[in-house]
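Asker: return atomic coordinates for the entry below.
(one chain, ligands or ions: 2)
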Amino acid sequence: MDKLIVRGGRALDGSVRISGAKNAVLPIMAAALLTDQPLTVRGVPALSDVRTLGAVLSELGVEVGPVEDGTLRLESAGEIGHEAGWDFVRKMRGSVCVLGPLLARLGQARVSLPGGCVFGVRPIDVHLKGFEALGARVRIDHGYIVAEAPSSGLRGSEVFLGTAFGSSVTGTMNVMMAATLARGTTVIQGAACEPEVIDLGRCLQAMGAQIDGLGSPRLEISGVERLGGAEHTVLPDRIEAGTYLVAGAITGGRVRVTGCRPGDLSSLVDRLKQAGFAIERGDDWLEVQPKHFGFRPSPTDCTTQPFPGLPTDLQAQWMALMCRATGVSLITERIYPDRYMHLPELVRMGARIRRQEALAVVEGTERLSGAHVTASDLRASAALVLAALVADGETQVHRVYHIDRGYERIEERLVALGADIERAEDD
Ligand SMILES: CC(=O)N[C@H]1[C@@H](OP(=O)(O)OP(=O)(O)OC[C@H]2O[C@@H](n3ccc(=O)[nH]c3=O)[C@H](O)[C@@H]2O)O[C@H](CO)[C@@H](O)[C@@H]1O
Ligand SMILES: C=C(OP(=O)(O)O)C(=O)O
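Answerer: Residues are numbered from 1 along each chain as shown. Ligands and ions are numbered 1, 2, ... in the order given. Coordinates of the predicted model:
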């Protein structure tokens with residue numbers, strides 16, 4: 001197991017190119033199960049989640065090529081199995097996205113309940129409700145989701161996929177994929193509008209799927225007999241881009257993220273401006289700069305929300321930034337009220353944070369100090385690295401395998417921006 005050793009105090013300066021989005025590439029890879037023709041995916045990031053899903057798909061019988069120059073070829077021409085076991089599926093959330101395609105293509109699926117970041121309950125009732133609406137029988141059995149389509153196949157229907165906190169991203173993706181091969185028309189109300197859902201939809205359209213309403217909460221999917229192969233380039237990762245912008249901001253440096261889509265980051269840009277940072281933008285880049293040397297952010301509240309609101313996947317990073325603010329900020333986590341595993345670790349570094357249920361009260365401080373901290377999940381790890389960049393002395397972030405799930409070569413990229421950070425084997 002690796003750790004990251006960070007010696008804080010350097011202002012970052014430079015530009016970093018953003019990779020393809022983890023949360024889009026995973027369902028897109030799963031979509032290869034929907035056709036016996038090759039699917040070529042470009043802009044594939046070198047992440048452990050991509051390798052893990054590759055292993056899940058390989059076990060199912062998909063030919064998964066190596067990733068070369070960010071291009072991955074997947075082909076499900078041979079016999080495809082319907083079981084995805086605990087070994088790999090437990091490592092990541094995105095693997096749940098094989099359910100919809102397996103059900104649509106084979107009429108049956110037995111898939112382990114997924115893993116991924118652990119920050120409280122992460123239900124999948126919405127996925128199952130969607131499959132049931134398409135006529136499938138679904139049950140949980142010994143830690144597995146077991147789903148069976150009627151002998152005549154899935155049939156289109158209308159289903160509401162909203163949740164108490166918005167809508168389910170992977171739930172929408174799963175049901176959308178299942179519906180592409182169902183008989184008749186499916187209407188999904190309360191669909192997630194995240195850019196990654198749209199990206200998957202565009203890939204499915206390129207494969208021949210009939211989907212209307214992408215980006216809106218109402219999707220209409222007319223089932224087709226079969227889907228074909230396609231080539232698709234994955235959209236840039238807005239969470240990776242946001243993390244590097246906050247890295248620049250927290251160090252009082254100047255960081256430009258390139259190859260991104262500024263429109264996907266409007267909520268973060270709004271918060272950064274509110275906190276007093278200067279933001280410049282081009283068609284495919286964003287740059288953050290402090291107002292002056294030694295600048296500390298103004299306290300700035302945030303509430304996580306479905307797109308286009310501030311993503312829950314940037315909440316931990318925002319909290320790290322507010323630990324350095326000149327006053328008190330309120331953070332409200334509305335998507336996952338318990339997503340605060342980074343909080344006690346930031347406190348180890350001298351942060352002043354109190355929490356009551358979904359609300360965290362962050363009192364900014366001039367000085368954070370390096371410490372041993374433990375990464376509990378992907379974005380919590382990122383937040384600890386960001387805090388370490390500005391802390392006095394050395395921080396050791398343990399259990400960083402989480403960070404490799406979602407950030408490609410993070411320490412190399414930070415070093416290129418001027419950070420003092422290295423990876424080492426943990427004891
Ligand atoms: C692989 C992937 O794409 N992961 C992302 C995806 O996770 P994931 O798709 O698992 O998250 P969801 O969008 O499903 O969850 C959003 C909200 O809906 C609730 N809910 C969800 C499903 C369900 O069946 N019932 C239910 O009530 C959840 O408790 C949560 O409050 O979206 C999250 C919210 O943007 C992100 O943090 C994750 O990075
Ligand atoms: C929560 C995340 O991932 P996952 O859903 O795969 O656990 C994330 O990307 O921040």
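Asker: tell me the residues on the stretch 201-350 of the chain that lie near ligand 2, please.
Answerer: Within the stretch 201-350 of the chain, the residues that sit near ligand 2 (C-beta under 6 Å from any ligand atom) are residue 313. For the C-beta atoms, the positions are set from N, CA and C on the backbone; glycine is no exception.
Asker: please, where are all the helices along the stretch 201-350 of the chain?
Answerer: With DSSP state H, counting those that start in this stretch, the ranges of helices along the stretch 201-350 of the chain come out as 238-250, 266-274, 315-322, 342-348.
Asker: got TSV for those, with distance to ligand 1 too?
Answerer: Converted to TSV, the helices of the stretch 201-350 of the chain look like this (distance: least, C-beta to the nearest ligand atom, whole Å):
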stretch	distance to ligand 1
helix 238-250	7
helix 266-274	12
helix 315-322	9
helix 342-348	14
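Asker: could you chop the chain up by domain?
Answerer: Residue ranges for the domains of the chain, per automatic domain parsing: 2-18+236-425, 22-233.
Asker: surely residue 132 is in a helix?
Answerer: Yes. Under DSSP: H, G, I helix; E, B strand; the rest coil, residue 132 falls within a helix.
Asker: gap between it and ligand 2?
Answerer: 23 Å (C-beta to the nearest ligand atom, to the nearest Å).
Asker: cool, residue 233 as well?
Answerer: Between residue 233 and ligand 2 the computed distance is 20 Å (C-beta to the nearest ligand atom).
Asker: quick check: pLDDT value at the residue nearest to residue 152 when sequence neighbours are not counted.
Answerer: Once flanking residues are discounted, residue 152 sits nearest to residue 183: 7.5 Å by C-beta to C-beta, 6 or more residues apart in numbering. If you check residue 183, the pLDDT there is 98.
Asker: same question, the one 3 residues further on
Answerer: Turning to residue 186, the model gives it a pLDDT of 98.
Asker: what about the spatially closest residue to residue 298 that is not a sequence neighbour? Give its phi and psi, please.
Answerer: Nearest non-adjacent residue to residue 298, counting by C-beta to C-beta, 6+ apart: residue 276, 4.6 Å away. The phi and psi torsions at residue 276 (degrees, to the nearest 10) take the values phi 100, psi 10.
Asker: now for residue 276, how many residues are close by?
Answerer: Here the number of neighbours of residue 276 (other C-beta atoms under 10 Å) works out to 18.
Asker: centre of the chain to stretch 106-113, how far?
Answerer: Stretch 106-113 sits 23 Å away from the centroid of its parent chain (C-alpha atoms, centre = their mean, to the nearest Å).
Asker: contacts for that stretch?
Answerer: Identification of contacts with stretch 106-113 by C-beta atoms under 8 Å, 6 or more residues apart in numbering yields 80, 82-86, 89-90, 95-96, 98-99, 102-103, 124, 140, 143-149, 151, 153-154.
Asker: now for residue 98: which residues touch it?
Answerer: Residue 98 neighbours (C-beta under 8 Å, 6+ apart): 30, 33, 56-57, 60, 84, 109, 111.
Asker: try 7 Å this time
Answerer: Contacts for residue 98 (C-beta atoms under 7 Å, 6 or more residues apart in numbering) come out as 30, 33, 56, 60, 84, 111.
Asker: list the contacts for the second one?
Answerer: Right, residue 33. 60, 62, 76, 80, 98, 101-102, 105.
Asker: worst-scoring helix or strand of this protein, pLDDT-wise?
Answerer: Within the chain, no helix or strand scores below helix 86-89, which has a mean of 82 by mean pLDDT, DSSP states H and E.
Asker: among the contacts of residue 98, show me the least confident.
Answerer: Lowest in pLDDT among the contacts of residue 98 is residue 84, which has 91.
Asker: residues near that one, how many?
Answerer: Residues near residue 84, counting by other C-beta under 10 Å, number 27.
Asker: you'd agree it is up against residue 58?
Answerer: No. Here residue 84 does not reach residue 58: they are 10.8 Å apart, not a contact under C-beta atoms under 7 Å.
Asker: going by distance to residue 368, which of the contacts of residue 98 wins?
Answerer: Closest approach between the contacts of residue 98 and residue 368, by C-beta to C-beta: residue 56, at 38.9 Å.
Asker: can you list the helices of the stretch 201-350 of the chain in a markdown table and add mean neighbour count and mean pLDDT?
Answerer: What follows is the helices of the stretch 201-350 of the chain, written out as a markdown table (neighbours: other C-beta atoms under 10 Å; pLDDT from 0 to 100):
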| stretch | mean neighbour count | mean pLDDT |
| --- | --- | --- |
| helix 238-250 | 28 | 98 |
| helix 266-274 | 19 | 98 |
| helix 315-322 | 28 | 98 |
| helix 342-348 | 21 | 98 |
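Asker: residue 208 is nearest to which of these?
Answerer: Residue 208 lies closest to helix 238-250 among the helices of the stretch 201-350 of the chain, at 27.6 Å (C-beta to C-beta).
Asker: counting contacts, what elements does the closest one pack onto?
Answerer: With contacts taken as 3 or more C-beta pairs under 7 Å, 6 or more residues apart in numbering; DSSP states H and E, helix 238-250 sits against strand 254-258, helix 266-274, strand 285-289, helix 315-322, helix 378-390.
Asker: quick one, it and helix 315-322 angle?
Answerer: 10 degrees (axes from the mean of the first three to the mean of the last three C-alpha atoms, to 10 degrees).
Asker: please work out which residues outside helix 238-250 touch it.
Answerer: Counting by C-beta under 7 Å, 6+ apart, the neighbours of helix 238-250 from elsewhere in the structure are 12, 16, 18-19, 21, 195, 254-255, 257, 260-261, 264-265, 268, 272, 277, 286, 288, 297, 311, 313-314, 317-318, 320-321, 324, 382, 386, 389-390, 407, 414.
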